[in-house]
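Trainee: Here is a sequence together with a model predicted from it:
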Amino acid sequence: MVGTRPMNEPHRPVLGQLPPRVRIAPSPTGDPHVGTAYIGLFNYVFARKYGGQFVLRIEDTDQERSTASSEAAILEALRWLGLRWDEGPDVGGPHHPYRQSERLAIYQAHVQRLLASGHAYRCFCGRERLEELRKVQLAEKQDVLGYDGRCRALDPAEAAARAAAGEACTVRLRVPKEEGRVTAFDDDLRGETITIENRLIDDQVLLKSDGFPTYHLANVVDDHLMEITHVIRGEEWITSTPKHVLLYQAFGWTPPRFYHLGLLRNADRSKLSKRKNPVSIFHYRDLGYMPETLLNFMGTLGYSMGGDVERFTIDEMITHFDWARVSPGGPVFDPDKLDAFSGADIRALDVEALLGRISATVLAPERLKGLLAHAQGRIARLDDFIPYVSFAFGGAVDYAPVISHVKAIKGRGRAQLIAILEEYAQEIERDREARSFEALALESFSRGFCQAKGWKPKELFALLRIAVTGRTAAPPLFDTMALCGKDRCRLRIRGMIAALQAEADW
RNA sequence: GGCCCCAUGGUCUAGCGGUUAGGACGUUGGCCUCUCACGCCAUAAGCCCGGGUUCGAUUCCCGGUGGGGUCACCA
């Protein structure tokens, strides 16, 4: 057993070792996720602790789902938190570009190497056959799922010719499947060697038919080229790490050290998901948590300063950081405790500083202006402004005063209301335009949604207005939703669903 | 289901062979107080189970159980 270490031996870099280079590699496919921030925090702290570099790399190899706006949002969210990266798509660096979609030629050249050395092969199996294969494997309850290796035996020259002739194909990793072969790597957080039998490792696709690499290939190539020394990521990657190790071996490269952190969990211990918890970093920003509070809170998840200390700054975390103080288990993200931290931090501010914070966020001039534009026509006295726009502040709202109006929506039962809200919340996330949460896009999405579901706009919009504001009267619905922001709307629509579910007598 | 990871009160954790098992959030009760909040004091609640190793296991090893992850031309 290589690489095991007694648990009482703290992990310290060997003297004379180069400073670490670490990275986070978010995929720009949605709202900036707290899981990204969590992993980012540990990478950042580790890099700073040992005077290394923290790299931000955008893994936009999924052409279907990646968007520029998501990438921008991720950068914005990480900046808000104060996790500064030394190299990245915006600041550049010696290993640019840092956006994988701009490194296609690099991956293709590396795939050629693998093809030439026989570590990879072209595969002409189409999606239909793969789906069929999968169906059969599932039906037969096979334990090992995955590609059956049909194209492994193809003559490389012939395969190359077919590809050159324009036949669609992918390139797969040729996993050495000889009886008894295993692939192992050390997880330095766990202090264990993790070993997996090669027969359980799939001949992973490395290059997709659209010419883009998969995560596995791009990740290994870039980590090597960018001289990443320590890969600190979520434990969801543990089972695919052997594929990466095989790739390092195929290229003749030395793999980095691996640290797999436990995944953030919902209250029911499943992996943190937006169905059960707010997961967007912007949710926490827009509902008025201070970045240092969030950072400190996340720092207490999985990490401990030791003893009784749990309130600490990121600088304190950096100076005290030690891998031996990181727990491998997946912590529950407890919003109540975050609130307690947040309240304490607000109280610790002097009034002047608090005013500064609020002026810069909750009451930022730009935001106020947007609100005023809609309040102006609806108030009689300047002083009415605050109560009038109160719907745009705070988290959950109380539906008790307005629930009768919901019940009065003609011809719609409780179950129907719950269902439509759930569908609405779900589909709006998938709509490329609407998820920007701009009024116009919201409106066109919502009207289309009504049509598709056979609801009159009037009924749905009334329901949404009540759900989002807790009131029956407000500025035009889509302006209101835009003013409240995506995360607040999401939170309140969920709140409305919960309120409806609680109305047992209806 | 196969494989992999994990395991201290409800939650986050301290503990690194011998402790009255400590702290924080939450709970409950009280104090403070015009109310609420804050603050303060107190409270109930935990080492998953079974084998080893050891004079001695919460701690080390193995097994079980439980939880999680993963089995895509998504990351």
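Mentor: Received the coordinates, thanks.

Trainee: Could you give the backbone dihedrals for residue A:120?
Mentor: Dihedral pair for residue A:120: phi -140, psi 160, per degrees, to the nearest 10.

Trainee: Let me know whether it touches residue A:169 as I believe.
Mentor: No - assessed by Cβ atoms under 8 Å, residue A:120 is found out of contact with residue A:169, at 11.5 Å. For every residue, glycine as well, the C-beta is placed using N, CA and C.

Trainee: And those two? Which one has more around it.
Mentor: Using other Cβ atoms under 10 Å, the more surrounded residue of residue A:120 and residue A:169 is residue A:120, with 27 against 21.

Trainee: Pull the contacting residues for the more buried one.
Mentor: Residue A:120 is in contact with A:111, A:114, A:171-174, A:206, A:250, counting by Cβ atoms under 8 Å, 6 or more residues apart in numbering.

Trainee: For it, name its beta-bridge partners.
Mentor: Taking DSSP bridges, one finds residue A:173 as the beta-bridge partners of residue A:120.

Trainee: Which pLDDT does the model give it?
Mentor: For residue A:120, the pLDDT comes out at 98.

Trainee: And for the one 4 residues further on?
Mentor: The predicted local distance difference test score for residue A:124 is 97.

Trainee: State the pLDDT value of the nearest residue to it once chain neighbours are set aside.
Mentor: Residue nearest to residue A:124 in three dimensions, not counting chain neighbours: residue A:169, with 4.8 Å by Cβ to Cβ, 6 or more residues apart in numbering. We have a pLDDT of 97 for residue A:169.

Trainee: go on, residue A:410?
Mentor: 74.

Trainee: I'd guessed it sits against residue A:459; true?
Mentor: Yes - assessed by Cβ under 8 Å, residue A:410 is found in contact with residue A:459 at 7.2 Å.

Trainee: ok, these two, which is more surrounded?
Mentor: Legend: neighbour count by other Cβ under 10 Å for residue A:410 and residue A:459, higher for residue A:459 (17 against 7).

Trainee: Which residue is the nearest non-sequential neighbour of that one?
Mentor: That would be residue A:409: by Cβ to Cβ, 6+ apart, it lies 5.4 Å from residue A:459.

Trainee: now residue A:235
Mentor: Spatial nearest neighbour of residue A:235, chain neighbours left out: residue A:260 (4.3 Å); criterion: Cβ to Cβ, 6+ apart.

Trainee: what helix or strand does the one you found sit in?
Mentor: Counting by DSSP states H and E, the element that carries residue A:260 is strand A:257-261.

Trainee: And for residue A:88, the neighbour number?
Mentor: Look at residue A:88: counted by other Cβ under 10 Å, it has 21 neighbours.

Trainee: how about the closest residue to it other than its chain neighbours, what does it touch?
Mentor: Excluding the flanking residues, the one nearest residue A:88 by Cβ to Cβ, 6+ apart is residue A:56, at 3.5 Å. Contact partners of residue A:56, counting by Cβ under 8 Å, 6+ apart, are A:23-24, A:26, A:75, A:78, A:85, A:87-89, A:98.

Trainee: Now the phi/psi pair for residue A:56, please.
Mentor: With angles defined as degrees, to the nearest 10, residue A:56 sits at phi -110, psi 120.

Trainee: does it have beta-bridge partners, and which?
Mentor: Assigned bridge partners for residue A:56, using DSSP bridges, are residue A:24.

Trainee: quick one: pLDDT of it?
Mentor: 98.

Trainee: How about residue A:432?
Mentor: We have a pLDDT of 88 for residue A:432.

Trainee: how close does it sit to residue A:65?
Mentor: Note on residue A:432: its distance to residue A:65, by Cβ to Cβ, to the nearest Å, is 10 Å.

Trainee: Show me the shaky parts of chain A.
Mentor: A:1-16 (pLDDT under 70).

Trainee: now the closest residue to residue A:19 other than its chain neighbours: how far from residue A:82?
Mentor: Among residues not flanking residue A:19 along the chain, residue A:52 sits closest, at 3.9 Å (Cβ to Cβ, 6+ apart). Taking Cβ to Cβ as the criterion, residue A:52 is separated from residue A:82 by 18 Å.

Trainee: Repeat that for residue A:388.
Mentor: Going from residue A:388 to residue A:82 by Cβ to Cβ gives 34 Å.

Trainee: Next: residue A:443.
Mentor: To residue A:82, residue A:443 is 36 Å away according to Cβ to Cβ.

Trainee: Of these two, which one has the most company?
Mentor: More crowded of residue A:443 and residue A:82, by other Cβ under 10 Å: residue A:443, with 19 against 13.

Trainee: Quick check: that one touching residue A:478?
Mentor: Yes - counting by Cβ under 8 Å, residue A:443 sits close enough to residue A:478 to count as a contact (4.5 Å).

Trainee: tally of neighbours for the residue in the stretch 401-506 of chain A positioned nearest to RNA strand B?
Mentor: Ranked by Cβ to the nearest atom of the strand, the top residue of the stretch 401-506 of chain A for proximity to RNA strand B is residue A:430, at 14.1 Å. Neighbour count of residue A:430, defined by other Cβ under 10 Å: 9.

Trainee: Over to residue A:64?
Mentor: Neighbourhood size, residue A:64 [other Cβ under 10 Å]: 6.

Trainee: ok, it to residue A:433 distance?
Mentor: For residue A:64 relative to residue A:433 (Cβ to Cβ), the value is 16 Å.

Trainee: repeat for residue A:274
Mentor: 19 Å.

Trainee: who's more crowded, these two?
Mentor: For residue A:274 versus residue A:433, neighbours defined as other Cβ under 10 Å are more numerous around residue A:274 (18 against 13).

Trainee: can I assume the more buried one is in contact with residue A:280?
Mentor: Yes - assessed by Cβ under 8 Å, residue A:274 is found in contact with residue A:280 at 7.5 Å.

Trainee: near RNA strand B, which residues of the stretch 51-200 of chain A?
Mentor: Residues of the stretch 51-200 of chain A lying near RNA strand B by Cβ under 7 Å from any atom of the strand: A:59, A:61-62, A:65, A:125-127, A:130, A:134, A:141, A:143-147, A:168, A:170, A:187, A:190, A:192, A:194-197, A:200.

Trainee: if we go to 6 Å?
Mentor: Residues of the stretch 51-200 of chain A lying close to RNA strand B by Cβ under 6 Å from any atom of the strand are A:59, A:61-62, A:65, A:126-127, A:130, A:134, A:143, A:145-146, A:170, A:190, A:192, A:194, A:196, A:200.

Trainee: and those residues, which of them are in strands?
Mentor: Using DSSP state E, A:170, A:192, A:194, A:196 are the members of these that sit in strands.

Trainee: The second one and residue A:185 touch, don't they?
Mentor: It stands for residue A:192. No - using Cβ under 8 Å, residue A:192 makes no contact with residue A:185, being 10.0 Å away.

Trainee: Buried subset of the residues of the stretch 51-200 of chain A next to RNA strand B as a PyMOL selection?
Mentor: Filtering these down to the buried ones (16 or more other Cβ atoms under 10 Å) takes a single PyMOL command:
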select buried, chain A and resi 59+61+62+130+146+170+190+192+194+196+200
